[in-house]
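> Pasting the sequence and the predicted model now:
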Amino acid sequence: MKLLDVVGRLSEFDEEDTIYVSEPWTRDSDAMVATAPDDSMVPPKAAAKAGLTYFIEIFIAIEVIEGWVASQKEKPSLPAICDRLIYYATYDA
């Protein structure tokens, strides 16, 4: 699954789960959603084995996107939403 796919399906995931993504983070980066171990910055074995690193928790991603979309005059495209989430995870998280 690609990060763009995950972002397009955020509402389908458990809000307590975490997104793990291969670096560098782009829309086309490989991604997975999984339940984080006790230390949410450490990826579960399946994510680590796939070379994925912590990106952001689902509930935070939803909050960031909802807030950003609400501030826009027109609804942004899915690629624009994904880019905004990457920016947030990179610089603001």
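The structure has been received and is ready for your questions.
> what's the helix or strand for the residue of the chain most remote from its centre?
For the chain, the residue at maximal distance from the C-alpha centroid (Cα atoms, centre = their mean) is Lys73, at 23.5 Å. Applying DSSP states H and E as the criterion places Lys73 outside every helix and strand.
> how about stretch 86-93: buried residues?
Ile86, Tyr88, Ala89 (16 or more other Cβ atoms under 10 Å). Using the backbone N, CA and C atoms, a C-beta is placed for each residue, glycine as well.
> which residues does Met32 bridge with?
Beta-bridge pairing of Met32, defined through DSSP bridges, involves Tyr20.
> thinking it is in contact with Leu52, fair?
Yes - contact criterion Cβ atoms under 8 Å: Met32 and Leu52 qualify, at 5.9 Å.
> Overlap in contacts, these two.
Contact criterion Cβ atoms under 8 Å, 6 or more residues apart in numbering; residues shared by Met32 and Leu52: Tyr20.
> Okay, Trp68 and Asp92: tell me how far apart.
For Trp68, the distance to Asp92 (Cβ to Cβ, to the nearest Å) stands at 11 Å.
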